[in-house]
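>>> give me a 3D structure for the following:
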Amino acid sequence: MRQAGLVEHSVQTNAVLISPVWCDFLTEYGFRVGVSIDGPAVLNRQRVDWAGRPAFDRITKGIGRLREHGVRFSVIAVVSAESIRDPEGLLDFMAGLGCHSVGLNMEETEGVNTGRAVPTVEQAREFWRRTIAWSRRHRELTIREVDRLGSYLRSARATGLAAWEDALIDPIPTVSAAGDVVLLSPEL
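Reported below is the predicted structural model:
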């Protein structure tokens, strides 16, 4: 099925274990690679290993390996109450990593995340306004949410809202370390 283009392999990683062997494997089997990094070190403090140690240096080292081996990758960042104040700095940092696209997930109170502050609605509006403005000046980096909004607006203009309302959302299987598979957000 993969050869027929029906199955697409993707992996989301913090990149700390990326090695040349992994790069070869990802390339050979055509994996789409996403790296979780929330911005520069000061904004990446929540990304720690099992021992509680900061993972930033190891994440950026893994990203360097991906780049050295020509593995195309995207990044996903959690936008927190701290990082929401400087979307331009966050996006400049992401663009400097060499990724082809960035996904921006707003911090939410869900699942096990009940103790961290989340952005306000006003902060989110201003963040997205500035993010859209940044994306107009920097066409080299695709911002997932801005791209999806553009697709929605183009579709709504061309065919009306009915076509968009009928669009299916693809489930994203998540495989745990124990081998369990869920089709919903792992936080649920």
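>>> and the helices in this protein?
20-28, 56-68, 87-97, 121-137, 144-159, 161-165 (DSSP state H).
>>> which ones are touching the residue positioned nearest the centre of the chain?
Centroid-nearest residue in the chain, with CA atoms, centre = their mean: Ile76, separated by 1.9 Å. Shown in contact with Ile76 (CB atoms under 8 Å, 6 or more residues apart in numbering): Gln12, Gly34, Val35, Ser36, Ile37, Val102, Gly103, Leu104, Asn105. Every C-beta, even on glycine, is put in place using the N, C-alpha and C of the backbone.
>>> who's it bridged to?
Counting by DSSP bridges, Ile76 forms beta bridges with Ser36, Gly103.
>>> against Leu97, how distant is it?
Here the criterion is CB to CB, to the nearest Å. By it, Ile76 lies 12 Å from Leu97.
>>> which neighbours do these two share?
What both Ile76 and Leu97 touch, as defined by CB under 8 Å, 6+ apart, is the set Ile37.
>>> which stretches of this structure have low pLDDT?
1-6, 108-115, 161, 163-177, 181-188 (pLDDT under 70).
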